[in-house]
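J.: Take a look and give me a structure for this.
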Amino acid sequence: MSVGSAPTRWRWRRSSRTSSLGTAILFLFPALLVIGVFHLYGTGRNIYLSLTDWTLAGAEFIGFTNYINLLQSGDFWNSVKVTFFFAFVVPVTVIVAIPVAYLLHYVIRKSYLYRLLLFVPFIVPTVATSLVWGLVFAPSPTGVVNAALNPFGIRRQGWILDSTGVVELVAGWFGATVPGWAEGPSIAMAILLLVRYWQMLGFTVLILYAGMTRIDPDLLDAARVDGASEPKILRRVVIPVLSPTILFVVVVSLVFALREFNTIFVLTLGGPARTTETLSMLMYRQFWGDNLFALGAATATALFLIILLVTWLQFRLSRRWVHYTAGTA
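T.: Residues are numbered from 1 along each chain as shown. All right, here's what the predicted structure looks like:
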């Protein structure tokens, strides 16, 4: 009887697995549909479009001509430079966020309110916060900063309309001049970096804070017993154990920064003099300003490849400093 029932049990288990697989596919189908239509199909369609001379009348396949034109374009290389200027906010934010997260977790008691206040700029829509910052740095006399500086006799500044390089500005204070390639990011870009830093600091701090909650407290207690100071504990104990979390937040933040659009669109629209025109803004201008749809598709593909390359390099280089060893509770 037991021998005869074995095929029955096998069929029941197979039927159960099939039913579970069908249930899983049913629940995953909406997400898979969205990914398939808006990501996979959209990416494939964009790549095809970048290989054509696309007009409303139709698309003529021209191979890599758009990419060749893109690589020969000064606007493209300017946008690449500006994009990496903007991405510089990521390491600055992480460097500041690590000690802030350490203070909130290990030093300051009942830090719930501080964490909430830090996280608010991230959860508020970027368009709304960018509009507020636009009022703060408005070049008009009624701009918040200009109005605050006016009583001190400081003349009205252009702020988000100022294309002067930061390095060029500082050198001018000392009567020095710098070559064009060393002018640095513009004043407008510096303001964008400040706004982006304000938006992302809370997100970065909370991710690192969550990583610190998994660190074995015995490690820190042992370091304190040995006489290590808090800065030394942070540098020698916390950061090495937290390195996988740091890698995660750097990768995610860099992807966000390299493709950021809303903040730049609201505050500067890529100006002044294209000093804040990132690849996302260049793509927008090519699509909706110049009606160069195929060239815009090529720019989008180039941005995708740049993000892919930067992400790959981060994981490649992370082998030297990320430690996936014991040290978590």
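J.: low pLDDT regions in this protein?
T.: 1-19, 326-329 (pLDDT under 70).
J.: If you drop the residues flanking it in sequence, what lies closest to A294?
T.: W54 (4.4 Å; CB to CB, 6 or more residues apart in numbering). Any C-beta I mention is one placed from the backbone N, CA and C, and that applies to glycine too.
J.: now do V195
T.: W133 (4.8 Å).
J.: contacting residues for the one you found?
T.: I191, V195, W198, L267 (CB atoms under 8 Å, 6 or more residues apart in numbering).
J.: ok, now which ones touch the second one?
T.: What it means is V195. T129, S130, W133, T263, L267.
J.: The first one: which element?
T.: In other words, T129. Assigned by DSSP states H and E, T129 belongs to helix 126-136.
J.: next structured bit after that helix?
T.: helix 144-149.
J.: Spell out the secondary structure type for R155.
T.: coil (DSSP: H, G, I helix; E, B strand; the rest coil).
J.: Any figure for the gap between it and Y197?
T.: 27 Å (CB to CB, to the nearest Å).
J.: Ok, V124 next?
T.: V124 is 15 Å from Y197, by CB to CB.
J.: Of those two, which one has the most company?
T.: Y197 (17 against 12; other CB atoms under 10 Å).
J.: Same question for the helix or strand hosting that one: list its buried residues.
T.: For Y197, the element it lies in under DSSP H and E is helix 187-212. Within helix 187-212, the residues scored as buried using 16 or more other CB atoms under 10 Å are 187-193, 195-197, 199-209, 211-212.
J.: With stretch 255-270 instead?
T.: 255-260, 263-268, 270.
J.: what do you get for stretch 119-137?
T.: Neighbour-count burial for stretch 119-137 [16+ other CB under 10 Å]: P121, F122, T126, T129, S130, W133, G134, V136, F137.
J.: Now do the same contact list for the first one.
T.: Translated: P121. Per CB under 8 Å, 6+ apart, neighbours of P121: T129, W198, Q199, L201, G202.
J.: Tell me how far the first one lies from I264.
T.: Read it as T129. According to CB to CB, T129 stands 13 Å off from I264.
J.: Ends of stretch 171-189, what's the gap?
T.: For stretch 171-189, the first-to-last residue distance is 18 Å (CA to CA, to the nearest Å).
J.: So G63: helix, strand or coil?
T.: coil.
J.: For F293, see how far away it is.
T.: In terms of CB to CB, G63 sits 17 Å off from F293.
J.: Between the two, which is the more surrounded one?
T.: The neighbour count for G63 versus F293, taken as other CB under 10 Å, is higher for F293 (19 against 9).
J.: helix or strand for the residue nearest to that one when sequence neighbours are not counted, which one?
T.: Nearest residue to F293, sequence neighbours excluded (CB to CB, 6+ apart): W54, at 4.9 Å. Applying DSSP H and E as the criterion places W54 in strand 52-55.
J.: again, but for E60
T.: strand 58-61.
J.: what sits up against that strand?
T.: Applying CB under 8 Å, 6+ apart, the contact partners of strand 58-61 are L49, L51, T52, D53, A294.
J.: I'd like to know which of the residues you listed are buried.
T.: L49, L51, T52, A294.
J.: which residues sit in contact with the second one?
T.: With contacts defined as CB under 8 Å, 6+ apart, the neighbours of L51 are F61, I62, G63, F64, N66, A294.
J.: and if we set it to 10 Å?
T.: Contacts for L51 (CB atoms under 10 Å, 6 or more residues apart in numbering) come out as A59, F61, I62, G63, F64, T65, N66, Y67, A294, A297, A298, T301.
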